[in-house]
Every structure is written in C-alpha cells, then in structure tokens.
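Chemist: pasting a predicted model and its sequence here:
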Amino acid sequence: MLIHPTIDRLRELGLYGMATAFQELDATPEVRGLEHGEWLAILLEREATMRQQKRFEARARAAKLRHDAQIENADFRAARGLDRNLFMTLASCDWIKKHHSLLITGPAGVGKSWLACAIGHKACREDFSVAYHRVPRLFASLALARGDGRYGRILKSLAKTDLLILDDWGPEKLNDDQRRDLLEIIEDRYERRSTIVTSQVPLDRWYEIIANPTLADAILDRLVHNAYRIELSGESMRKQRAPALPETSQA
C-alpha cells in the first residue's frame with residue numbers, strides 16, 4: 001500500500017488529524033495487526049480530537065480573556081468564602097445551556113476576575129462562544145461606536161455571544177448613555193444567553209450605581225433573576241502572594 005499518497009489525499013481534504021494518525025499507525029509495528037474497522041475508529045477519533053482542539057483555540061483567542069486561568073487551578077484554601085461545590089457546579093457549564101447568569105462580588109484582589117476567566121476558559125472548551133470585556137472600556141468603546149456607525153454591530157455581537165463576561169463594574173455611577181447601553185445589553189441577553197458580572201460593589205448597592213430608579217428596576221430584574229451568586233470576602237490575595245522584602249541591616 002502506498003502510504004504517502006494516502007496521507008497527501010487526507011491533507012488535501014483537510015483531514016489533518018487523520019493524516020497524522022495514519023502516519024503514526026503505519027510507523028508502529030504493534031498496531032499493524034488491527035482490523036480495518038479498528039484503524040478507521042482510531043483515525044476518526046484523532047480527527048475529532050484535533051478539530052475540537054482547534055475550535056477551542058479559536059474560541060479562546062476570540063474571547064480575549066484577561067487571565068490564563070483554568071478551573072483545575074482554583075484555590076479553595078484561601079480564606080475568601082469560595083464555595084467549592086458551587087464553583088464546580090458552575091464549571092460544568094450546564095447553567096450556560098439554561099441561559100442563567102453569574103454575579104461575582106467582593107473586595108479588590110480576592111480573585112473575581114480570575115474566577116470569571118477560569119469559567120470562561122472552561123466554556124470555550126465546552127464549545128461555547130465567550131467574550132470578555134472590562135466594563136469601563138466597553139462603555140468607552142460603545143461611546144466611540146455611536147459616532148462611527150459601529151454601535152449596532154457591537155450590540156449585535158454582544159447579544160449573540162453564549163457567555164459574556166462583564167468585568168470590574170462600578171463603583172462610579174453610570175451616566176445616561178451608559179445606563180441605556182447596559183439595558184440594551186442585558187435586555188438582548190435575558191433568557192437567551194448567559195452573563196457573568198464581577199464587581200467590588202455589593203449587590204445591594206448596584207441600584208445606586210445605575211442611579212435611575214426606572215432603569216435600575218429594569219436592568220436588575222433581568223440581571224439578578226435566575227442568577228448564581230459568588231460573594232467573596234477577605235484580604236487581597238495579591239498581598240498574600242507578594243514576595244518578602246530582603247532584610248536590611250540597621251544603622
């Protein structure tokens with residue numbers, strides 16, 4: 001059997017995983033006794049695995065997550081009130097399929113953004129589309145987009161993303177445009193897609209940040225409804241991990 005023409009044809013067809021596996025199997029004497037069906041099963045499995053990995057890599061690039069965080073590296077030993085059972089339930093991503101949301105609150109440095117990115121990373125692996133945005137920069141981008149005709153396209157893109165991460169919301173009060181922007185984003189996604197919001201501001205003060213009773217009711221009713229909550233506490237983990245200063249001699 002001519003091996004190289006077969007490998008070339010597989011690559012021409014875009015079956016790179018099968019081509020690589022075929023080449024490896026041919027070079028392994030121990031597997032030459034396998035039945036044709038077993039060879040085919042191995043080739044198909046390798047192709048499926050490679051395609052899944054490529055989809056993940058593409059989704060991870062598009063997500064632009066702030067942290068290279070993985071669920072497996074979550075620190076449950078730190079005294080910050082992170083519930084392991086809840087977090088691992090969220091890591092399953094079933095809540096994304098059900099279009100629920102997640103609200104993560106707590107003081108600076110307790111890992112809110114990292115946890116959101118870890119879940120976003122897992123969502124990419126589960127073949128969901130993910131987009132990460134720091135809220136102040138997102139509002140600035142939308143303000144610019146109003147003047148150059150991109151506003152509608154950005155909102156449409158945000159609306160169709162399976163998991164939208166809105167990081168670092170508050171503590172500044174929203175202006176009129178920002179309130180309307182947030183309402184449009186949340187309204188488009190309500191019971192259609194999932195959203196993660198992180199904030200240093202406790203949930204009971206979000207009403208103050210929106211600073212408009214009518215719009216606050218509309219936004220928070222949609223955002224908080226059916227949302228999971230992670231409320232963190234404690235000192236900044238950055239301080240705990242800071243390197244010790246070298247000792248100096250006293251005069």
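Modeler: Yes, it's here. Numbering: from 1, shown residues only.
Chemist: helix or strand: which one has the nearest residue to Tyr151 once chain neighbours are set aside?
Modeler: Nearest residue to Tyr151 in three dimensions, chain neighbours excluded: Ala145, at 4.2 Å (Cβ to Cβ, 6 or more residues apart in numbering). C-beta coordinates here come from the backbone N, C-alpha and C atoms, glycine included. Per DSSP states H and E: Ala145 is located in helix 135-148.
Chemist: what packs against that helix?
Modeler: helix 151-160, strand 163-169, helix 176-189 (3 or more Cβ pairs under 8 Å, 6 or more residues apart in numbering; DSSP states H and E).
Chemist: avg pLDDT for stretch 52-60?
Modeler: Summarised as a single mean, pLDDT over stretch 52-60 is 90.
Chemist: for it, buried residues please.
Modeler: Arg59, Ala60 (16 or more other Cβ atoms under 10 Å).
Chemist: touching it from outside, list them.
Modeler: The contact list for stretch 52-60, computed with Cβ atoms under 8 Å, 6 or more residues apart in numbering, reads His121, Cys124, Arg125, Asp127, Phe128, Ser129, Val130.
Chemist: now do 7 Å
Modeler: By Cβ atoms under 7 Å, 6 or more residues apart in numbering, the residues outside stretch 52-60 that reach it are His121, Cys124, Arg125, Asp127, Ser129, Val130.
Chemist: what's next to stretch 188-201, contact-wise?
Modeler: 95-96, 99-105, 107-108, 112-113, 116, 119, 155, 159, 161-171, 209, 222-223.
Chemist: out of those residues, which are buried?
Modeler: Among the contacts of stretch 188-201, the ones that count as buried by 16+ other Cβ under 10 Å are 95-96, 100-105, 112-113, 116, 119, 155, 161-170, 209, 222-223.
Chemist: spit out the contact partners of Asp83.
Modeler: Not one residue lies near Asp83 by Cβ under 7 Å, 6+ apart.
Chemist: who wins for most neighbours among the contacts of stretch 52-60?
Modeler: Highest neighbour count within the contacts of stretch 52-60: Val130, with 26 neighbours (other Cβ atoms under 10 Å).
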